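1. sequence and predicted structure, then a few things I'm wondering about:
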Amino acid sequence: MAEQAQRRAPQGQSQQDPPNENDNHAFEELRHLIIAPEQEELADIRERLDDAGRRTQDMSSVVAEAIQLRREQGDDRALSDALAPTIEETLRDSVRKHPHVLADALFPVMGPAIRKSITETLRSMLESFNEALEHSLSWRGIKWRIEAIRTGRSFTEIALLHSLVYRVEQVFLIHRETGLVLNHLTAPSVAAQDPTMVAGLLTAIQQYAQDGFKTQRDETLDNLGWGEFKMWVEIGPHAVIAAVFRGHAPEDYRVHMREVLEGIEQHYAAAFDNFKGDTDPFRGAEERLTPLLEERAREAVEPGKRKPRMLITVSAIILALIVGWGVYLSYRVHQWTQFEQALRQQSGIVVTSVVKEGGRYHVRGFRDPLAPDPKALLTKLGLTPENADFQLAPFYSMDDGILQRRIKVLLKPPPGVTLSMKDGVLVAEGAASPRWIAGLRDRATWVAGVRELDDSKLQDANALALKDAKSSVESIVFLFPFGAATLEPGQDQKVALAQKNIREIVAQAVALNENVQIEVVGHTDNTGVEATNLPLSKQRADHITKALILAGVKPSSFRPRGVGTTRPLRTDDTDEGRQLNRSVTFQVDISPVAP
């Protein structure tokens, strides 16, 4: 420091002058005054950081505020994730080492919850059992229902009281030290509850009994009871078996429980020694616990009274079978009676006798070939055709329905022809070809049952067609301009239609051996003089005739004729009437060909 101070001395001072001790002391005091407080604070901070006790004390005063601040910042999830493993591990160790502490803390909550769970289980089981017996109609079941109404108890309770000695409904395998459920079995049709809750109940009761009565650890509660349910407990070095049952179990069942527990203790000794809360190694214990789900029912009657009741039961069954067989036979007879009545009412079938021989019905009589098959009627009524033998000789029935079918089969009426029968008279209506009409007139009376033919309403189809064609041709009117013998424009379709209809008339007339003459009539209005109109009308008729001949119609079929104003189609008082009279029309004449 003296060298530094000497280097920093003013230039005016001689370096050969010796340093003054008073100046050095003053400099040290100044330096202490300036930096001493900071050095003391740094030393205190270093001591605080090195001292773990003081550091813990400092953090304890701000931990609560830090957690609250972190929660207010909306990041409490990270704090939960950080603390969860530690809390879980702490609870697990506490349950393993001191289960009674946790049981004492949870006892006020576990008691009501377990009681509610057990009540709900019993109620569900009673409802299930009651549903199974709801439709019982035996005399014993009726007596039990009367007793239930009289005593005010449910039918299920009465049924269990009379029919069940005991039934084990649930079996628990519990780790003795921790109270954890290692395995749990439930009898069929029993509503299972949370086994952890039941195990907690047992642990809490055991702990309460030991603490409340100051008993030794080896002195344990071996049975419990509530209502009609009981729980037997067998305790081993590492495990506890608890069986919940209804009724009165024999003492040898407890021996069975001990044997099963001993086998489990021996078989799973290594698993018990290394047990750390994992129940998977004990799943195989289910095979050893299953035989404990026993059930034993009381005999319905005493051995000495079984025979009379059995006799009554057998007699009742036999009587019911006899009555049922009698009802069945009566129903079958009724069915056959209905069939016989329906068969006698069928057209074309005559029944002379119905006899039952050898378990089969023999029906004798007559049947028209066109009558319905009796086996089809038998099947329709629900009877078996194999149980019937029909011996029906053929004959011709005179019933109108059968005659109607026979006529249609033999005469084969064409479409448009209707044949009906009434009192032996065959009535034919409609239109048919001359050939079929001739055949009808020739063969109608040959049909059995037809005495007379009425064809007054039957028409020749060809004649009708010829008549229709004649009307079609005569309805055609060709129009001409004033004073001209050529057609007005736009009438080509009328020419084609006239050609077609005239050819049809000629062809149908030839088929009917008729002669056709078509008169082509020319007309004029009353304008002008008759000396001029008559030749003009003839020219118009010749014009249409030529057009038809060119289309292939025979010239011999036409007779062109001009009538002037003598045969007007309308009056000439209006322009429309005069225009219609300037025309050509047809007059068709059909006559038989001369021999």
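-> It's in.

2. what does Pro372 show for phi and psi?
-> Main-chain dihedrals, Pro372, degrees, to the nearest 10: phi -70, psi 150.

3. kindly report the same for the one 4 residues further on.
-> For Ala376, the backbone dihedrals (degrees, to the nearest 10) come out as phi -60, psi -40.

4. next one: Pro592
-> In terms of degrees, to the nearest 10, the main-chain angles of Pro592 are phi -60, psi 150.

5. mind pulling up the pLDDT for it?
-> At Pro592, the pLDDT value in this model is 77.

6. the stretch 301-450 of the chain: helices as residue ranges?
-> With helices called from DSSP state H, counting those that start in this stretch, the stretch 301-450 of the chain shows them at 303-344, 374-380, 400-411, 434-443.

7. got those as a markdown table, with mean neighbour count, distance to Val95 and mean pLDDT columns?
-> Any C-beta I mention is one placed from the backbone N, CA and C, and that applies to glycine too. As requested, those are exported to a markdown table (neighbours: other CB atoms under 10 Å; distance: least, CB to CB, whole Å; pLDDT from 0 to 100):
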| stretch | mean neighbour count | distance to Val95 | mean pLDDT |
| --- | --- | --- | --- |
| helix 303-344 | 11 | 55 | 74 |
| helix 374-380 | 15 | 79 | 80 |
| helix 400-411 | 18 | 97 | 79 |
| helix 434-443 | 14 | 110 | 80 |
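
8. next, format these as CSV and append distance to Ala541.
-> CSV is the format used below for the helices of the stretch 301-450 of the chain (distance: least, CB to CB, whole Å):
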stretch, distance to Ala541
helix 303-344, 74
helix 374-380, 70
helix 400-411, 48
helix 434-443, 34
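
9. of all the ones you listed, which lies closest to Leu426?
-> Ranking those by distance to Leu426, with CB to CB as the measure, places helix 400-411 first at 6.6 Å.

10. same for that closest one, what does it pack against?
-> Judged by 3 or more CB pairs under 8 Å, 6 or more residues apart in numbering; DSSP states H and E, helix 400-411 is in contact with strand 417-422, helix 434-443.

11. go again with 6 Å.
-> Counting contacts by 3 or more CB pairs under 6 Å, 6 or more residues apart in numbering; DSSP states H and E, helix 400-411 packs against strand 417-422.

12. Val593 is in contact with Asn513, correct?
-> Yes - using CB atoms under 6 Å, Asn513 is in contact with Val593, at 5.3 Å.

13. hang on, the earlier thing: for Arg451, which of the helices of the stretch 301-450 of the chain is the nearest?
-> Smallest distance to Arg451 across these (CB to CB): 10.9 Å, for helix 400-411.

14. what angle do the closest one and strand 417-422 make?
-> Here helix 400-411 runs at an angle of 140 degrees relative to strand 417-422 (axes from the mean of the first three to the mean of the last three CA atoms, to 10 degrees).

15. what about helix 400-411, distance to the chain center?
-> Computed by CA atoms, centre = their mean, to the nearest Å, the separation of helix 400-411 from the middle of its chain amounts to 51 Å.

16. pLDDT below threshold where in the protein?
-> Low-confidence segments of the chain, defined by pLDDT under 70: 1-23, 61, 74-79, 100-141, 155-164, 189-221, 226-227, 297-311, 594-595.

17. run the last query once more with 50
-> Within the chain, the ranges that satisfy pLDDT under 50 run 1-17, 132-135, 137, 300-307.

18. biggest strand in it, by residue count?
-> Using DSSP state E to define each element, the chain has its longest strand at strand 164-175.

19. which other helices and strands contact that one?
-> For strand 164-175, the elements it packs on are strand 181-186, strand 239-247, strand 295-297, judged by 3+ CB pairs under 6 Å, 6+ apart.

20. most tightly packed of those strands?
-> Each of the helices and strands packed on strand 164-175 was scored by mean neighbour count; the highest is strand 239-247, a mean of 22, by mean count of other CB atoms under 10 Å.
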